[in-house]
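J.: Need coordinates for the following:
(one chain, ligands or ions: 1)
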Amino acid sequence: MGSEDRQLHIFMFPFMAHGHMIPMVDMAKLFASRGIKITIVTTPLNSISFSKSLHNYSADSLIQLLILKFPSAEAGLPEGCENADSIPSMDFLPNFFRAVSLLQPPFEEALQNNRPDCLISDMFFPWTNDVADRIGIPRLIFHGTSCFSLCASEFMRLHEPYKHVSSDTEPFPIPYLPGDIKLTKMKLPIFVRENTENEFSKFITKVKESESCCYGVVVNSFYELEAEYVDCYKDVLGRKAWPIGPLSLTNKKTQEITQRGRESAIDEHECLKWLDSQKPDSVVYICFGSLAKFNSAQLKEIANGLEASGKNFIWVVRKGKEEEEEQNWLPEGYEERMEGTGLIIRGWAPQVLILDHPSVGGFVTHCGWNSTLEGVAAGVPMVTWPVGAEQFYNEKLVTEVLKTGVGVGIQKWAPGVGDFIESEAVEKAIRRIMEKEGEEMRKRATEFAKKAKWAVGEEGSSYSNLDSLIEELKSLAF
Ligand code: UDP
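T.: Purely as a prediction, here's the structure:
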């Protein structure tokens, strides 16, 4: 068989959290659309959402699942806890990472048995560098974030500028990062802020180190969105990187767009009917991703802020444990008053379907990178409400570089639960993006959305980056 007839086979290994699995399955479809064979490695319960996402996909015969048992019990996790969104509390996070690291032997065995040509694995599997080396194939990392935040976090790690400030609230510039971007210590992860070394901080160091010695990085972004930072990542930090996104745009049919992640808590037709009854650009969509859970006090402030803004809205609510039992987290008579003007979705929403609807005119987001990029692709101005992870960098990109959004005023990195924001700030930020002041942001957002669609089209930058990546992988393999 000539090398041109051989089919490239890529193993993809996504971290078990929806914010990591969703873009990886989109990426699998993207590669499969170019005739590449894909094996997604996952665990029994997570395989259900992959199967559902792939159900309506026509080239799905090129994508197969390989299922490894998730060692929940061995790591001290409750049975059935295979996904970051089912961890009982943040205290169990170390157990979850322990379970993930126990996957190493069966994963290596699977790789040995299947002998793919390349591995694309999540940032949270730094040990896959060594595994790929032993098999003799390149490992590409998928972080699921932008080049902006990859650069910012690496400069922060290398130069530790936060060590030279006198308080947690004194702004300091991120060295070497283009654009004079300033941050405060409060917005950094607690283990960085307090300079403590624990299991997690050591793990993050390994993640970062594996980035500098892997083959390269696949990025869910597009060149025109953050050209200066893509160049910086490649030229200053010396990394090989291929921006091939927005990956969410791989999904074309309504069914595919709707079936991403968990089972939707609302019927898509009901949701579309509600949106169809609204005026263009009039609805605010509020969602904080797959992991953040706010307490009742914060939910009440959001409810009051939304009502005071006078805008129609779709609000996705994920509650903490205590609020799940407590029913009165909404102000008295709220849902009756909001009938027709506000739609509350308890649980999982078909986010991209909603964002892409012409009546949606603004997005209040926790700045998870998938959500941020989905907001960019939909051309909506955003209210930024970062909670944890690298979301404070994404906020900076939106508010100071792209200038397509305003911050709600979050000061503190507080993963899972969030900093506290009063209703007046919620109202004000929503008015800023939805009224006169937002017009300029909307124009800019519309331009970025056009560029996003262009980037994934046949003439676009992401399309040609994917071509180059495939060619490079073929030249290594055959
Ligand atoms: N998402 C969704 N419906 C929801 C909540 C989230 O479809 O109700 C999707 C969203 O479209 C995005 C992903 O889940 O693709 C969340 O990823 P992100 O990086 O924004 O945040 P994370 O959940 O990782 O904090």
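
J.: Quick check: phi and psi on the residue in the stretch 51-200 of the chain positioned nearest to the ligand?
T.: At 6.5 Å from the ligand, G144 is the closest residue in the stretch 51-200 of the chain, using Cβ to the nearest ligand atom. C-betas here are computed from N, CA, C, even on glycine. Dihedral pair for G144: phi 70, psi 20, per degrees, to the nearest 10.

J.: What of I345?
T.: Backbone torsions of I345, given as degrees, to the nearest 10, read phi -110, psi 120.

J.: didn't it look like it was pressed against V317?
T.: Yes. Taking contacts as Cβ atoms under 8 Å, I345 lies within contact range of V317: 7.1 Å.

J.: how near is F288 to T365?
T.: 7 Å (Cβ to Cβ, to the nearest Å).

J.: mind pulling up the phi and psi values for whichever residue of the stretch 1-150 of the chain sits closest to the ligand?
T.: At 2.0 Å from the ligand, G19 is the closest residue in the stretch 1-150 of the chain, using Cβ to the nearest ligand atom. Backbone geometry at G19, expressed as degrees, to the nearest 10, gives phi -60, psi -20.

J.: Surely it is in contact with R262?
T.: No. Checked against Cβ under 8 Å, the pair G19 and R262 is beyond contact range at 11.7 Å.

J.: Which one's more surrounded, the two?
T.: Between G19 and R262, G19 has the larger neighbour count (other Cβ atoms under 10 Å), namely 21 against 17.

J.: Identify the residues contacting the residue of the stretch 1-150 of the chain closest to the ligand.
T.: Neighbour list for G19: G144, G289, S290, L291, G368, W369, N370 [criterion: Cβ atoms under 8 Å, 6 or more residues apart in numbering].

J.: and stretch 98-116, average pLDDT?
T.: What stretch 98-116 shows for mean pLDDT is 96.

J.: Identify the residues contacting stretch 462-478?
T.: So stretch 462-478 is contacted by 3, 6, 8, 10, 30-31, 34, 36, 117-118, 137-138, 218, 222-223, 242-246, 455-457 (Cβ under 8 Å, 6+ apart).

J.: hmm, 6 Å instead?
T.: Residues outside stretch 462-478 that contact it (Cβ atoms under 6 Å, 6 or more residues apart in numbering): S3, R6, L8, D117, C118, F222, W242, P243, I244, G245, A455, V456.

J.: Which pLDDT does the model give the closest residue to D122 other than its chain neighbours?
T.: Of all residues not flanking D122 in the chain, F15 sits nearest, at 3.9 Å (Cβ to Cβ, 6 or more residues apart in numbering). At F15, the pLDDT value in this model is 97.

J.: and the helix or strand hosting I22, how far out from the chain's middle?
T.: Secondary structure from DSSP states H and E places I22 in helix 18-32. Centroid separation for helix 18-32 versus its chain: 11 Å, with Cα atoms, centre = their mean, to the nearest Å.

J.: now stretch 421-437
T.: 24 Å.

J.: and it, what's its mean pLDDT?
T.: Across stretch 421-437, the average pLDDT comes to 97.

J.: in it, what's buried?
T.: Across stretch 421-437, burial judged by 16 or more other Cβ atoms under 10 Å covers I421, S423, A425, V426, E427, K428, A429, I430, R431, R432, I433, M434.

J.: how about the second one, what does it touch?
T.: Contacts for S423 were tallied using Cβ under 6 Å, 6+ apart; they are E301, N304, G305.

J.: how about the residues of the stretch 1-150 of the chain that lie near the ligand?
T.: Residues of the stretch 1-150 of the chain lying near the ligand by Cβ under 6 Å from any ligand atom: H18, G19, I22.

J.: now the stretch 201-350 of the chain
T.: R260, G261, C287, G289, S290, L291, V316, W348, A349.

J.: will you turn those into JSON lines that also has pLDDT, neighbour count and secondary structure?
T.: As requested, these are exported to JSON lines (pLDDT from 0 to 100; neighbours: other Cβ atoms under 10 Å; DSSP: H, G, I helix; E, B strand; the rest coil):
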{"residue": "R260", "pLDDT": "91", "neighbour count": "25", "secondary structure": "coil"}
{"residue": "G261", "pLDDT": "91", "neighbour count": "20", "secondary structure": "coil"}
{"residue": "C287", "pLDDT": "98", "neighbour count": "24", "secondary structure": "strand"}
{"residue": "G289", "pLDDT": "96", "neighbour count": "23", "secondary structure": "coil"}
{"residue": "S290", "pLDDT": "93", "neighbour count": "23", "secondary structure": "coil"}
{"residue": "L291", "pLDDT": "90", "neighbour count": "20", "secondary structure": "coil"}
{"residue": "V316", "pLDDT": "97", "neighbour count": "20", "secondary structure": "strand"}
{"residue": "W348", "pLDDT": "95", "neighbour count": "19", "secondary structure": "coil"}
{"residue": "A349", "pLDDT": "97", "neighbour count": "26", "secondary structure": "coil"}
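
J.: if we can go back for a sec, what distance do you get for the residue of the stretch 1-150 of the chain closest to the ligand to E332?
T.: From G19 across to E332, the span is 34 Å (Cβ to Cβ).

J.: can you check G375 too?
T.: Counting by Cβ to Cβ - G375 and E332 are separated by 32 Å.

J.: higher neighbour count, the two?
T.: G375 (29 against 7).

J.: Contacts only, for the closest residue to D85 other than its chain neighbours.
T.: Sequence neighbours aside, S290 is the residue nearest to D85 in space, at 5.3 Å (criterion: Cβ to Cβ, 6+ apart). Taking Cβ under 6 Å, 6+ apart, we find S290 in contact with H18, G19, D85.

J.: again with F125
T.: Counting by Cβ under 6 Å, 6+ apart, F125 touches F13.

J.: That one belongs to a strand, doesn't it?
T.: No. Assignment of F125 by DSSP: H, G, I helix; E, B strand; the rest coil gives coil, placing it outside any strand.

J.: Can you check the pLDDT for it?
T.: F125 is assigned a predicted lDDT (pLDDT) of 96.

J.: sorry, back to before: I'd like to know how far the residue of the stretch 1-150 of the chain closest to the ligand sits from G407.
T.: As for G19, its distance to G407 is 21 Å (criterion: Cβ to Cβ).

J.: can you give me the strands in the stretch 51-200 of the chain?
T.: 63-67, 118-122, 139-142, 172-173, 182-183 (DSSP state E, counting those that start in this stretch).

J.: Please produce JSON lines containing those, extended by mean neighbour count.
T.: JSON lines is the format used below for those (neighbours: other Cβ atoms under 10 Å):
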{"stretch": "strand 63-67", "mean neighbour count": "16"}
{"stretch": "strand 118-122", "mean neighbour count": "25"}
{"stretch": "strand 139-142", "mean neighbour count": "24"}
{"stretch": "strand 172-173", "mean neighbour count": "14"}
{"stretch": "strand 182-183", "mean neighbour count": "18"}
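
J.: now those in CSV, with distance to K412?
T.: As requested, the strands of the stretch 51-200 of the chain are exported to CSV (distance: least, Cβ to Cβ, whole Å):
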stretch, distance to K412
strand 63-67, 39
strand 118-122, 27
strand 139-142, 28
strand 172-173, 16
strand 182-183, 12
